[in-house]
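1. sequence and computational prediction follow.
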Amino acid sequence: MTGLDFIQYHIIDSTVNAYWCIVKRFPLRLLLCDVNCREIPGSTWFGHPYGLTIRDGTRIGENCTFASNVTIGQKTIEEERAVIGNNVQFGAGAIILGPVRIGDNAIIAAGSIVLTDVPPNATYISKRITEVTSHADAH
């Protein structure tokens with residue numbers, strides 16, 4: 001990273017992002033969020049905007065709702081960004097990874113991990129496999 005890159009990324013971009021967050025009344029940086037407010041539609045609603053991470057370049061539709069600790073990111077740096085439709089609701093702790101497409105009016109349940117596309121008007125609840133071992137045998 002050159003000196004100019006540092007200035008662009010850490011000073012100019014952060015200042016512009018802070019301006020957009022203030023203009024849109026999203027105090028997200030103050031709430032430990034990593035969100036580029038310039039890319040968020042004005043109709044977006046953050047119910048409990050704590051711990052949000054939305055990768056730059058993610059396309060978000062109108063009227064989406066985010067609970068706390070939602071992450072929209074990538075599995076690798078080279079991947080395309082996620083595309084979120086209109087009227088999508090994200091439950092607390094939902095994680096969306098990779099170039100997935102989430103259709104209009106979808107609901108992503110709390111704690112879900114989304115790695116594949118979600119069709120329109122669907123409710124997505126991920127299944128988790130938990131391995132349970134007995135600690136009594138270890139003693």
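-> Perfect, I can see it now.
2. can you pull out the strands in this structure?
-> All strands of the chain, identified by DSSP state E, fall at 34-35, 45-46, 53-54, 59-60, 65-66, 71-73, 83-84, 89-90, 95-97, 101-102, 107-108, 113-114, 123-124.
3. could you say which of those is packed most deeply?
-> Most buried of the strands of the chain, by mean neighbour count (mean count of other CB atoms under 10 Å): strand 89-90, with a mean of 24. Every residue, glycine included, has its C-beta placed from N, CA and C.
4. hmm, who's touching that one?
-> Strand 89-90 is touched from outside by 64-67, 70, 96, 106-108, with contacts defined as CB atoms under 8 Å, 6 or more residues apart in numbering.
5. re the thing from before, least reliable of the strands of the chain going by mean pLDDT?
-> Lowest mean pLDDT of those: strand 34-35, a mean of 72.
6. where does the prediction get shaky in this structure?
-> 1-33, 36-38, 49, 127-139 (pLDDT under 70).
7. please enumerate the helices of it.
-> Secondary structure of the chain (DSSP state H): helices located at 3-6, 13-23.
8. residue 62 against residue 85, yeah?
-> No. If you go by CB atoms under 8 Å, residue 62 and residue 85 don't touch, sitting 9.1 Å apart.
9. looking at the two, which one has more neighbours?
-> residue 85 (21 against 13; other CB atoms under 10 Å).
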